[in-house]
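[1] what shape does this take:
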Amino acid sequence: LLPYGTKDEVVIEVKKCIHDAGQGGGYILSACTDITNACKVENVLTMISAAKKYGQYPIK
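    Reported below is the predicted structural model:
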């Protein structure tokens with residue numbers, strides 16, 4: 001998703017990952033593997049921003 005997706009798609013997936021796996025704490029959001037030069041910089045920054053915005057406990 002980071003190399004080819006849109007910023008909106010990144011936000012949707014970050015929210016889904018946090019909601020699905022973040023309940024109860026202990027979830028660490030990350031890219032599947034490395035963040036390579038194939039990844040769009042704006043998508044990486046969007047992932048970080050969305051994680052900060054939606055990753056606050058309690059998860060809603």
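
[2] which element is residue 8 on?
    Assessed by DSSP states H and E, residue 8 sits inside helix 7-21.

[3] could you list the low-pLDDT ranges of this structure?
    Of all residues in the chain, none has pLDDT under 70.

[4] over to stretch 19-26 now: how far is its first residue from its last?
    This stretch, stretch 19-26, spans 12 Å end to end (CA to CA, to the nearest Å).

[5] how distant is it from the center of its chain?
    Between the centre of stretch 19-26 and the centre of its chain there are 13 Å (CA atoms, centre = their mean, to the nearest Å).

[6] now stretch 47-55
    Centre to centre, stretch against its chain (CA atoms, centre = their mean), the figure for stretch 47-55 is 6 Å.

[7] what does it rub up against?
    Stretch 47-55 is contacted by residues 2, 10-11, 14-15, 18, 22, 29, 31 when judged by CB atoms under 8 Å, 6 or more residues apart in numbering. Where you see a C-beta, it was placed from the backbone N, CA and C, and this is true even at glycine.

[8] contacting residues for residue 21?
    With the criterion set at CB under 8 Å, 6+ apart, residue 21 makes contact with residue 27.
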